[in-house]
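Asks: Build me a model from this:
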Amino acid sequence: MTIRSSVETAAISTAAVLVALLLFGGFAAARGLDPLEVYRVLYVGAFGTWFAVQNTLTQAAPLMLTALCTAVPARAGLLVIGGEGALVIGGLATVLAGVPLAGAPAPLGIALLCAAGAVAGGLWVGAAGALRHWRGVNETISTLLLNYIAIAVLNHLITGPIRDFAQVLKPASWSLGEHLRIGDVPGTSVHWGLAFGVAACALLWVLMRRTTFGFAVDILGGNVRAARMAGLPVGAMVLVACFLGGAAAGLAGAVEVVAVHGFASSSLVVGYGYAGILVAFLARQNPLAIVFVSVLLGGISASGGLLQRRFGLPDAATLVLRGLLFVAVLASTTLYGRLRVFRRP
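Replies: Numbering: from 1, shown residues only. The predicted model follows:
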């Protein structure tokens, strides 16, 4: 990516965010609130205090991984929206793998649990890639439907075969042993999932920007016919791109189990996969940009409670802002290559 195109991406993405904020200000004004005060509270709830920053980073951690589920296949020309399902399947696989690994040493057991979640998520989304390659099934539709299947599988398992009846508040799976749980980053209340997310984004950026595989994927995403004429293994690349994206989301599910909940329940289905789609689009499928955009979206989510307490806004107010962001980002895609200031002389 050239400096000119990088500046164009940053400028248009920033403009899309500002437009969404202006529209959200109109939403607040329609409810009789001062938009500037709403913006101030939104910032305070996201970044105004150390507690708010930690809450923001905690919210951002799974978004980094689920965003990769959309971003990596998108570079191959695929629109995958199966991050929610891959996260759920990754969480379930982590719980199931915890049974034979109950007596394993902590470092090895945790590593194998995370690997199990990542592989399960990769295979789940990889199945959509296989359907696309061999049967011509649209990956957007298949991954959307796979989300519902994954949630149905979760509900079936936690209410029957793997239910822990000691959990009386809501149906939940068996719990992992305490030695298979990972704590917080020292000196903070942010779990290690943040480090996993940043590391995954960095590794995939290197893979996509500094390797022949990444270059080949970009060719495939730009023109399938040209990729075939160049002798590239299109089918294998589609499968690998889908597997890598699904593995990232599956790792998010594993982290939610080993770092946050300790078991699988309906708490896994909170929309991280769908929010990851917005992060990927806003970051223009750039793994490094995903880190910063995830923090922005995490801050919006973290400030929802403060907006509700301060102004009486519904808890879904942050979802309204997310929706406006998504619409603004989609609309802004028509501007790329059309603005004269960014055209090459």
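
Asks: and residue 176, that's in a helix?
Replies: No. Using DSSP: H, G, I helix; E, B strand; the rest coil, the assignment for residue 176 is coil, not a helix.

Asks: What sits closest to it if chain neighbours are left out?
Replies: Nearest residue to residue 176 in three dimensions, chain neighbours excluded: residue 98, at 4.6 Å (CB to CB, 6 or more residues apart in numbering). Heads up, the C-betas are built off the backbone N, CA and C, glycines and all.

Asks: same deal with residue 150?
Replies: Residue 150 sits nearest to residue 85 (CB to CB, 6+ apart), 3.5 Å away.

Asks: who's in contact with the residue nearest to residue 176?
Replies: Each residue near residue 98 by CB atoms under 8 Å, 6 or more residues apart in numbering is listed here: 109, 113, 174, 176, 177, 180.

Asks: Look at the closest residue to the third one other than its chain neighbours and say how many residues are nearby.
Replies: Meaning residue 174. Spatial nearest neighbour of residue 174, chain neighbours left out: residue 164 (5.0 Å); criterion: CB to CB, 6+ apart. Per other CB atoms under 10 Å, the neighbour tally for residue 164 reads 16.

Asks: before we move on, what about residue 315?
Replies: Residue 315 is flanked by 10 other residues according to other CB under 10 Å.

Asks: And residue 39, by the same measure?
Replies: Residue 39 has 14 nearby residues by other CB under 10 Å.

Asks: which helices and strands sit right next to the helix or strand containing it?
Replies: For residue 39, the enclosing helix or strand under DSSP states H and E is helix 35-43. Counting contacts by 3 or more CB pairs under 8 Å, 6 or more residues apart in numbering; DSSP states H and E, helix 35-43 is packed against helix 3-30, helix 304-311.

Asks: What are the buried residues along the first one?
Replies: Neighbour-count burial for helix 3-30, with 16 or more other CB atoms under 10 Å as criterion, is recorded at 8-9, 12-13, 16-17, 19-21, 23-25, 27-28.

Asks: Which helix or strand contains the residue nearest the centre of the chain?
Replies: Closest residue to the average C-alpha location of the chain: residue 66 at 2.1 Å, with CA atoms, centre = their mean. Using DSSP H and E, residue 66 sits within helix 50-75.

Asks: Just the buried positions in the helix or strand following that helix, please.
Replies: The element immediately downstream of helix 50-75 (helix or strand, assigned by DSSP H and E) is helix 83-97. Under the neighbour-count criterion of 16+ other CB under 10 Å, helix 83-97 has 83-97 buried.

Asks: next one: stretch 289-301
Replies: For stretch 289-301, by 16+ other CB under 10 Å, it's 289, 290, 291, 293, 294, 295, 296, 297, 298, 299, 300, 301.

Asks: could I get the residues you listed as a markdown table with secondary structure?
Replies: Shown next, in a markdown table, are the buried residues of stretch 289-301 (three-state DSSP):
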| residue | secondary structure |
| --- | --- |
| 289 | helix |
| 290 | helix |
| 291 | helix |
| 293 | helix |
| 294 | helix |
| 295 | helix |
| 296 | helix |
| 297 | helix |
| 298 | helix |
| 299 | helix |
| 300 | helix |
| 301 | helix |
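
Asks: For residue 313, state which of these is nearest.
Replies: residue 300 (12.8 Å; CB to CB).

Asks: measure the closest residue to the closest one other than its chain neighbours to residue 27 for me?
Replies: Of all residues beyond its chain neighbours, the one nearest residue 300 is residue 318 (5.3 Å), with distances taken as CB to CB, 6+ apart. Between residue 318 and residue 27 the distance, using CB to CB, to the nearest Å, works out to 11 Å.

Asks: Residue 274: neighbour count?
Replies: Using other CB under 10 Å, residue 274 has 16 neighbouring residues.

Asks: just the angle between the helix or strand hosting residue 240 and helix 83-97, please?
Replies: Taking DSSP H and E as the criterion, the element that holds residue 240 is helix 234-255. Here helix 234-255 runs at an angle of 60 degrees relative to helix 83-97 (axes from the mean of the first three to the mean of the last three CA atoms, to 10 degrees).
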